[in-house]
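> predicted coordinates and the sequence they were generated for:
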Amino acid sequence: MFVYPKNYDVIVIGAGHAGVEAALAAARIGCQTLMLTINADTIGQMSCNPAIGGLAKGHLAREIDALGGEMGKATDMTGLQFRMLNTSKGFSVWAPRAQCDKKAYQFHLKWICEREPNLDVRQGQASRILWSSNKAYGVETTLDVQYHGKTVIVTTGTFLRGLMHIGSNTQSGGRAGEGAAMNLSASLKQLGFDLGRLKTGTPPRLLKRSIDFSKTEIQPGDEPVPFFTYWKDDLFHVEHSRGLPKGSNDLQLRYPPGSILERINGQLPCFITTTTEETASMIRTNIHKSPMYSGVIEGIGPRYCPSIEDKIIKFPHKTRHQIFLEPEGIATDEIYVNGFSTCLPFEVQVDLVRTIVGCERAEIMRPAYAVEYDFAFPTQLKQSLESKVCENLYLAGQINGTSGYEEAGAQGIIAGINAARRVDGKDPIILKRDTAYIGVLIDDLVTKGTSEPYRMFTSRAEYRLLLRQDNADLRLSQLGYDVGLLPRRSFVKFLSKQRAIGEELDRLARTRHGASSLLQLLRRPEVRYSDLPSKNDRLDSEVIHQVEVTAKYAGYVERQQTDVAKFRSMEDKTIPTWLDYSEIPSLRSEARQKLQRIRPATLGQASRISGVSPADLSLIMVWMKRGANGQSQESRASLKIEDLEESSS
Amino acid sequence: MLDDTIAAISTPLGEGGLAIIRLSGPEALRIADGCFAPVGQRSLKPTAAATHTIQYGRIVQGGRIVDEVLLSVLRAPRTYTREDMVEISCHGGLLPAKLVLDTLLENGARLAEPGEFTKRAFLHGRIDLTQAEAVADLIHSRTELALAAANEQLAGKLAKRIHELRDEMVKTLAHIEAHIDFPEEDIAPDTKEQLLDRLTNAVAFMDRLLRTADEGQILRRGIRAAIVGRPNVGKSSLLNQLLGRDRAIVSPLAGTTRDTIEETANIRGLPVIFIDTAGLRRSGDMIELEGMRRSRETLRKAELILHVFDASEPLTPEDESYLAEFAPKNRIVVRNKIDLPGRLSLPANLNAPGVDVCCVTGQGIETLKDAIKEMIWAGKIGAEMLEVMINSRHQDALQRARAATIRTIEALRSDLTLELVALDLRLATNAVGEIVGKTATEDLLDSIFSQFCLGK
């Protein structure tokens, strides 16, 4: 037994997308932070598709960036194809998506972590959470080393008792070629956590030269590049351009210095193809060999990311399924077969990929597989992501039942901020459903839980028009700065952008053109900012976009804001911790049990628990008003109340 | 939850002279302004009137006079809830009160939850904290009653139709949402025409439901009063007297009425459904046996029992067994045939009002009507009241759903972006969902994943 001499503020177990954001956030706020990883070569590794963004996920990535997280910049530096999706369906559902260079992405993040002053990166496998009287104080590794710290964040992804399936072959591991974390689950159970089992899968990777791309449809990136980060100065500044001469702060550059795009001076395309009738019949012949259909796999998989066998069996009338062929990097010829995840045996996979149009001679470099892993039911967490059973212990990422790098990163940054705030004795940051997708994500998890790997969709957000990818900075950067995460230079930029938007809106409202103001003119669906008679040519494109959106959305946003006001009035009603649900008379038992288990922080959160009715909320309100010290039962006077009220309702 | 303005009928139903509808909340005066037309020079709009004054005028909706009313303006804090309140006294009876309430809801009030006025009074410190349990009990018991009534109403066809409507709307919304959230999937798009068709059908469906709510439901509903007694004591004659016309076949032969007859009569302004049950005679006749089975079923559901005796005959063991059977129910003991020499002696301590009638001459029938009214006024029977409230709630939700669906149609027609189309359709779907207690998100995802093969 060796106790490492340094006492940390924050210890992060895991260095995936949640772990990296958590560790960087805590360290940047000023905490002495340790990031413990099984393998220092796989920091920020993209286990599945090397892509960031897409619908709702792109929103999350932008929010992480607006708070001062790293995901957006890492994507911009290492992306090889960028697109803005959905531009015809309304501003709120525009979403950036980037295909990244897998290795460049992870090594970029590794380098960022290594040079973060308050962050220590250590290789080591956590085997046990150290705790006493329900307070965490550190971790122990499989080498019998103890690291002590004030707070612990667990971000173990798919590694908890990870079990990989290819056909009937099973191997212990969290990711192909890597071992699983076998002891930590038991430690969590000892602490009192309930664990469940989920499943996810990944498709095969093919060798580029074995594919005939002429039979596929090419899908180029967008120019100008829709970058993820709001802090483009950082991107185009020497800071990230390791080894390049200093002084280039030239925004005229097309691509960030040192980025993948700069290195290949352009974007790489992706390719679209389809499966064939042959694919379907081969799957039907071999379906009994799939561990999902033979019952070997018990974990629940995601419906939005079904395996190819699921697609064929559940939608038999569909003769072709769309497949995307996506490069995994600029320095590798591995091609990711998006839409083709499977856990059929390798010998079936070899022939199966060759039924895809253009892949008739394709060679598999890495087989597809499914992985089952332990997760902790997220209703065991508070909205701060701190666990209810153990103080100072936070859980973030896939361990909470989510899937996706963005979902993980979003939880990571919040867990990191809140662990740091605990160290500083400050109240946690809780983002609300009307403020950020991050808020929707965490509220859904801790209030409703999940039975399948949870992925964000824009349809999960009640206030979708307000939560746009274009205004994440307006929603969150003040907060990012206030908590000490977003650097001052970025915040100053943000303030000047905010001011420019306000001033331009004012000017448009004041300036008349004929019978109407320019602002009224801009409200018309067919009018763009560039069509206005007296426009300001010096304005930044982001400012112009905000001005346009604000003008065109005016009526709708007001409507959502009315709803938000109602929502807020319930969110602001904090349920005091002394409230004992077992004392409230007349609460229905289903509601009572759920309330006792989830212990909602506010009346708003309570209202979103399934099985809690408006009448139950009324009873809670009455009990809150009654106060902590309970009154005697002798003064019950229902008759008097009946008299007062007559029979009002 | 305390920021909006609530309304409810606050008097029990009955003929009475008056019914009172209460409004409470920050917008109470403004909402009343919107539908109250003062009459006479001294009457003022509620916002212009001083506190604790009474204004005379009319409730008007869409240029139509709903009722002639007295309106009390009660400004916070000296009110029951400590909020601004308005109390509107309108004509008694079921319909005027309901129409005034509907008008207030259309003007922006929300229908109060069970016990909500008291809840607000408590939360604003109007009721002593020591009474928290009593307030909780009241909210609970009212809610249970309302739930029971709602379940009763939703158990039937209405629920099935609401579910059909909602499923259809969720499906349409799922289509739009799938296009938004899965832009890179090859989902066959519904054409604008197909979407418009489905939405127009939904509106027509809502219109049909709303019409039944307006016309039929309310008037057809009422207190269920079962007329029981051994055969040939004059149950059918009593029914005819109460209805004021011949509905049941009357004959001196025992067992003439072989099936249950239901008829609604207006008793002192309140609809009462009288049920003439087949005599509860033990018999071997198959048809009569079936009649008796139905009678039992009817009795179980009835809120009031009119137990009829033949005053010209002594109490029989059969009479006695019925007396015991109906003891737990709200009942009135009706002694018929008092024109004949009396030979009936009823046990003491029946704990039920008794009325003497003669169904041949009509003697005592008005007294019986009073007794029925008293039972209802005394608050012993409250189900009907609740049903009306539930009805208003459904109606309100459907109306909101209809308005939002129409906005969806307009958004589609004018080629607004999909996000805006989805916004209103979501509101509409949620409003329909309120009736059956469902919200959209999970169902929506289920619908998306069952309709489309997704998974890039």
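That came through, no problem. Numbers count the residues shown, from 1 in each chain, chains lettered A, B, ... in the order given.
> which residue ranges form the strands in the stretch 101-250 of chain A?
Per DSSP state E, counting those that start in this stretch, the stretch 101-250 of chain A carries strands over the ranges A:119-123, A:126-132, A:135-141, A:145-154, A:163-166, A:169-172, A:195-202, A:205-207, A:217-219.
> could you do the stretch 51-200 of chain B as well?
Defined through DSSP E, counting those that start in this stretch, the strands belonging to the stretch 51-200 of chain B, from first to last, are B:53-61, B:64-74, B:85-91, B:110-111.
> which strands and helices lie in contact with the helix or strand hosting A:Lys311?
Mapping A:Lys311 onto the secondary structure by DSSP states H and E places it in helix A:308-314. Contacts of helix A:308-314 with other secondary structure elements, assessed using 3 or more Cβ pairs under 8 Å, 6 or more residues apart in numbering or on different chains; DSSP states H and E, are made with helix A:277-286. From N, CA and C alone the C-beta is placed, and that goes for glycine too.
> quick one: mean pLDDT for the helix it packs on?
Here helix A:277-286 scores 96 as its mean pLDDT.
> stretch A:465-475 vs chain B: in contact?
Yes. Counting by Cβ under 8 Å from any Cβ of the partner chain, chain B has neighbours in stretch A:465-475: A:Leu465.
> A:Phe567 versus A:Pro614, what's the distance?
Applying Cβ to Cβ, to the nearest Å, one obtains 15 Å for the distance of A:Pro614 from A:Phe567.
> same check on B:Leu195?
Look at B:Leu195 and A:Phe567: by Cβ to Cβ, they are 29 Å apart.
> return the nearest residue of the stretch 451-600 of chain A with respect to chain B.
For the stretch 451-600 of chain A and chain B, the shortest gap (Cβ to the nearest Cβ) falls at A:Ser586, measuring 3.3 Å.
> I'd assumed A:Val622 was in contact with that residue.
No. Using Cβ atoms under 8 Å, A:Ser586 makes no contact with A:Val622, being 9.8 Å away.
> which one of those two has more residues nearby?
More neighbours sit around A:Val622 than around the other of A:Ser586 and A:Val622, counting by other Cβ atoms under 10 Å in any protein chain shown; the figures are 27 against 18.
> that one reaches B:His124, doesn't it?
No. Because the distance of 11.9 Å does not satisfy Cβ under 8 Å, A:Val622 is recorded as not touching B:His124.
> which SSE is immediately downstream of the helix holding A:Lys311?
Under the assignment DSSP H and E, the closest C-terminal helix or strand after helix A:308-314 is strand A:322-327.
> excluding chain neighbours, what is closest to A:Pro224?
On the basis of Cβ to Cβ, 6 or more residues apart in numbering or on different chains, the spatially nearest residue to A:Pro224 that is not a chain neighbour turns out to be A:Arg254, at 7.7 Å.
> SS state for the one you found?
The assignment at A:Arg254 comes out as coil when based on DSSP: H, G, I helix; E, B strand; the rest coil.
> what does A:Leu55 give?
Here A:Leu55 is coil, with the state taken from three-state DSSP.
> so it sits right up against B:His179, yeah?
No. Contact between A:Leu55 and B:His179 fails when scored by Cβ under 8 Å: they sit 10.5 Å apart.
> settle it for me: which of those two has more neighbours?
When A:Leu55 and B:His179 are compared for neighbours, A:Leu55 comes out ahead with 24 against 19, by other Cβ under 10 Å.
> pull the CA atoms of stretch A:139-154 into PDB?
Taking C-alpha atoms only, stretch A:139-154 is exported to PDB below (Å, rounded to 0.1, in the frame of the first residue of the first chain):
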ATOM      1  CA  VAL A 139      -9.400   6.000  -5.000                       C
ATOM      2  CA  GLU A 140      -7.200   2.900  -4.800                       C
ATOM      3  CA  THR A 141      -5.700   1.400  -7.900                       C
ATOM      4  CA  THR A 142      -5.000  -2.200  -8.900                       C
ATOM      5  CA  LEU A 143      -1.300  -1.500  -8.000                       C
ATOM      6  CA  ASP A 144      -2.300  -0.800  -4.400                       C
ATOM      7  CA  VAL A 145      -1.700   2.900  -4.700                       C
ATOM      8  CA  GLN A 146      -4.000   5.200  -3.000                       C
ATOM      9  CA  TYR A 147      -4.700   8.700  -4.200                       C
ATOM     10  CA  HIS A 148      -6.500  10.900  -1.700                       C
ATOM     11  CA  GLY A 149      -8.700  13.900  -2.600                       C
ATOM     12  CA  LYS A 150     -11.600  16.000  -1.500                       C
ATOM     13  CA  THR A 151     -13.900  14.900  -4.400                       C
ATOM     14  CA  VAL A 152     -14.000  12.000  -6.800                       C
ATOM     15  CA  ILE A 153     -15.600  12.000 -10.300                       C
ATOM     16  CA  VAL A 154     -16.300   8.600 -11.900                       C
END
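> what about it, distance to the chain center?
Chain-centre distance of stretch A:139-154: 25 Å, with Cα atoms, centre = their mean, to the nearest Å.
> same deal with stretch B:343-350?
How far stretch B:343-350 lies from its chain's middle: 37 Å, per Cα atoms, centre = their mean.
> swap in stretch A:420-439?
Centre to centre, stretch against its chain (Cα atoms, centre = their mean), the figure for stretch A:420-439 is 15 Å.
> cool, and stretch B:423-435?
Here stretch B:423-435 shows a centroid-to-chain-centroid distance of 22 Å under the convention Cα atoms, centre = their mean.
> try stretch A:376-394
Taking Cα atoms, centre = their mean, one finds the center of stretch A:376-394 at 17 Å from the center of the full chain.
> now swap in stretch B:423-442 and tell me
In terms of Cα atoms, centre = their mean, the centre of stretch B:423-442 is set 22 Å apart from its chain centre.
> now it: buried residues?
Taking 16 or more other Cβ atoms under 10 Å in any protein chain shown as the neighbour-count basis, stretch B:423-442 is seen to contain the buried residues B:423-436, B:438, B:440-441.
> spit out the contact partners of the residue lying closest to A:Pro487 once chain neighbours are set aside.
Distances taken as Cβ to Cβ, 6+ apart place A:Gly68 nearest to A:Pro487, at 7.0 Å, with adjacent residues excluded. With Cβ atoms under 8 Å, 6 or more residues apart in numbering or on different chains as the criterion, the residues that contact A:Gly68 are A:25, A:28, A:477, A:480-481, A:485-487, A:490.
> cheers, nothing more for now.
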